[in-house]
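*Asks:* Need a 3D model of the sequence below.
(2 chains)
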Number of protein chains: 2
Amino acid sequence: MIPFNKPYLTGKEMHYMYEAVYTGKISGNGIFTKKCQNFLKNRFGFGKCLLTTSCTDALEMAAILIDLKPGDEVIMPSFTFVSTANAFVLRGAKIIFADSRKDHPGMDEDSLSSLITDKTRAIVPVHYAGVACDMDKIMELAEKHNLYVIEDAAQAIDSYYTGKDGIKRPLGSIGHLAAFSFHETKNIISGEGGMLSINDPQFEDRAEIIWEKGTNRSAFFRGEVDKYGWVDMGSSFLPSDIIAAFLYAQLENLDDIQSKRKDIWNRYDNSFRNKIDLVGGVKLPFVPNFGTNNGHMYYLICSSESERNQLITHLKNNNILSVFHYLSLHKSEFYFKESKVKELKESDHFSDCLIRLPMFYELSDLDQVHIIQSVLDFYK
Amino acid sequence: MIPFNKPYLTGKEMHYMYEAVYTGKISGNGIFTKKCQNFLKNRFGFGKCLLTTSCTDALEMAAILIDLKPGDEVIMPSFTFVSTANAFVLRGAKIIFADSRKDHPGMDEDSLSSLITDKTRAIVPVHYAGVACDMDKIMELAEKHNLYVIEDAAQAIDSYYTGKDGIKRPLGSIGHLAAFSFHETKNIISGEGGMLSINDPQFEDRAEIIWEKGTNRSAFFRGEVDKYGWVDMGSSFLPSDIIAAFLYAQLENLDDIQSKRKDIWNRYDNSFRNKIDLVGGVKLPFVPNFGTNNGHMYYLICSSESERNQLITHLKNNNILSVFHYLSLHKSEFYFKESKVKELKESDHFSDCLIRLPMFYELSDLDQVHIIQSVLDFYK
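*Replies:* Predicted coordinates:
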């Protein structure tokens, strides 16, 4: 069976983990944590970077940082992972779900202004499959209504947005805050793991405090305060330095990993484009002019749920594991309890019709040819 | 310089981490996570056990599980780590701080009933230095007022409480919920890490959901539901299986670690008892009849803050790193903002006068003799 995902090891993970363990500092904020944070900041021009135990936790830090209060509203797409919503639910916020674009699972930027009320505090664009949302539109809207923008960049490492000014900026560097994931299913991994980039300097000092369990411990170790104590709410968002050591081995090989994944992605796309997309209703991934593809995910949009499910079965019969993706959150059992249901047609369409094909560094040419041929056979 | 703490490696940590990495399942809830959870449940008779990224996160899970609402009150000692309080502050709870016992930094059980109001929802006993609080008193009070008891057992692995019924129970198995820490400063470590034990079966199913980001994913994989979705609030509380692999190597050596640490503790105690405690005001650790010593920490209570600080300096001059401990939380900058300050005399006394001596598995006999002699010299 060809798996849907296989975590890739660059070869130096164990070496760095060994180094972390035998230098004796294995709790959070150690040498490798700093190395990873510096790498990410320097490579992508993010603001202050703080590693977290997960992208979920990075989003939770963001929700604390913007001082969400019960009843505040946060706008995000319905077609996303539960963590995008949960991080804000935990602060008592009401989630307002936006529909997806017609051409892409990312949220429909033009629908956002109608969702803004006097209780709205933040917009959370999710860069689905690493493809940018239209950040100019979102940032302008946020500025107009005095809202924060928190990018859910879980899938979006090394992907870019080109704005009206013609400048190409890395995703995760544009919103006031941005959250990344290093879960084993991502391009760059550490098992579980995440990172918050703090692009708005007003949040820098407090982010460090919240990260360190609500204490000014970091300032203390820099000699800025005499003793450290409880100065704010917070949690233990720091991953063990063992996890950071693993991550650093991956980051060092970012270019190689990205190049390989994009090759696999392009091979899929070149094999399918102007072929199965000419068969009734099938759609291939769309990357808007302002966005880039970072080789995170290759998906197809089938013309119906039954076609999608048949394709999954067909591929399974050919020893290929393909998978659907998110169930629209606005239709979830949990959200039902809290809010009136609204029709979000495009989001439901992607829940019903999207299928993801195997996509990982070590996918062999032979296996990929087999996957491509099996999909082409299905649509013959 | 003799350090205050040095993380101990049993020797198999890297081996198990290698196993976790090369079997390809390095996200949460993998093979080693299950091994650790089973070990802890079977060894100590805890209820369901769930590993977490930290003890902080285990406490946060507990706060979510008991459905704390803004304005609810939670009683805990002021002499504790910030995480004990933060986990409940994040749910909007008001923290009511109890004073410490006269004879021990644990909270004064007899003071609790005066702190209970109609808003009180939970009591959080902290087993300081791994020494039990009087759990019979606390559980009876909780039952009378319909409160939950969440044991902060961060330091309390392999320590016990003997109740009025004569039965010796492991700490962390008595309250409705209990949180453990595997931070590198603890007896059993994984860098960062923790565990929630769910002793009240009413919480078992929901704990698993909250742990899995508010989804019924675990039930889905057991075949109990058709598809999984968002059914509750939650977060990503699962540590990477790499962390669990490290932890498992430690748990396998629990008896050896504990035996060695208790030997070191006893050597301190035998060297000081009936010596420096006969000098004006110095007190040695007190373990009530109902409790046990788990070799987590050896401390002295000096007769004044200045004496304590002089002793720290004296030891530093002798190349020994000794440290004070918690600053009373009720006097913290953060709590000041929220609540009226109350005098908690004993708590402040321990903040001012407690000193912890180096205590770790690899502390050599020679070094320990030097520490003991340096303390005896100070009081000569």
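
*Asks:* Could you pull up the residues touching residue A:136?
*Replies:* Under the criterion of C-beta atoms under 8 Å, 6 or more residues apart in numbering or on different chains, the contact list for residue A:136 reads A:163-164, A:290. Backbone N, C-alpha and C define where each C-beta goes, glycine included.

*Asks:* Low-confidence bits of the stretch 201-350 of chain A, can you list those?
*Replies:* By pLDDT under 70, the weakly predicted segments of the stretch 201-350 of chain A are A:337-341.

*Asks:* ok, for the residue nearest to the spatial centre of chain A, nearest residue in space, not its chain neighbours?
*Replies:* In chain A, the centroid-proximal residue (C-alpha atoms, centre = their mean) is residue A:154; its distance is 1.5 Å. Nearest in space to residue A:154, with sequence neighbours left out and distances taken as C-beta to C-beta, 6 or more residues apart in numbering or on different chains, is residue A:181 at 3.8 Å.

*Asks:* one step back: got the contact list for the residue nearest to the centre of chain A?
*Replies:* The contact partners of residue A:154, taken as C-beta under 8 Å, 6+ apart, are A:55, A:81, A:83, A:126, A:179-181, A:183, A:186, A:194.

*Asks:* quick one: it from chain B, how far?
*Replies:* Distance from residue A:154 to chain B, counting by C-beta to the nearest C-beta, to the nearest Å: 11 Å.

*Asks:* Would you check that residue A:44 makes contact with residue A:172?
*Replies:* Yes: the pair residue A:44 and residue A:172 passes the contact test of C-beta atoms under 8 Å, sitting 6.8 Å apart.

*Asks:* So which of the contacts of residue A:136 is the closest to chain B?
*Replies:* Chain B lies nearest to residue A:290 out of the contacts of residue A:136, by C-beta to the nearest C-beta, at 30.4 Å.

*Asks:* so what's the backbone phi/psi at the closest one?
*Replies:* phi -80, psi -10 (degrees, to the nearest 10).

*Asks:* give me the beta-bridge partners of the residue nearest to it when sequence neighbours are not counted?
*Replies:* Leaving out its chain neighbours, the residue that sits closest to residue A:290 by C-beta to C-beta, 6+ apart is residue A:162, at 5.1 Å. Counting by DSSP bridges, residue A:162 forms beta bridges with residue A:168.

*Asks:* For residue A:162, give me its contacts.
*Replies:* Shown in contact with residue A:162 (C-beta under 8 Å, 6+ apart): A:168-169, A:289-291.

*Asks:* what's the closest non-adjacent residue to residue A:11?
*Replies:* Closest residue in space to residue A:11, ignoring its immediate chain neighbours: residue A:249 at 7.5 Å, by C-beta to C-beta, 6+ apart.

*Asks:* okay, the angle between the helix or strand encompassing that neighbour and helix B:241-251?
*Replies:* Counting by DSSP states H and E, the element that carries residue A:249 is helix A:241-251. Orientation check (axes from the mean of the first three to the mean of the last three C-alpha atoms, to 10 degrees): helix A:241-251 against helix B:241-251 gives 140 degrees.

*Asks:* Select from the contacts of residue A:154 every entry located in helices.
*Replies:* The members of these that map onto helices under DSSP state H are A:55, A:83.

*Asks:* one step back: I'd like to know which of the contacts of residue A:162 is nearest to residue A:70.
*Replies:* residue A:169 (33.9 Å; C-beta to C-beta).

*Asks:* So which residues on the stretch 101-250 of chain A come close to chain B?
*Replies:* On the criterion C-beta under 8 Å from any C-beta of the partner chain, chain B has as its neighbours in the stretch 101-250 of chain A the residues A:183-185, A:189-193, A:213-215, A:227, A:229-236, A:238-243, A:246.

*Asks:* sorry, back to before: okay, and the common contacts of residue A:44 and residue A:172?
*Replies:* residue A:197.

*Asks:* out of those two, which sits in the busier spot?
*Replies:* Legend: neighbour count by other C-beta atoms under 10 Å in any protein chain shown for residue A:44 and residue A:172, higher for residue A:172 (30 against 19).

*Asks:* Quickly find the element holding the residue lying closest to residue A:104 once chain neighbours are set aside.
*Replies:* By the measure of C-beta to C-beta, 6+ apart, the closest residue to residue A:104 outside its immediate chain neighbours is residue A:286, 5.1 Å from it. When elements are defined using DSSP H and E, residue A:286 is found to belong to no helix and no strand.
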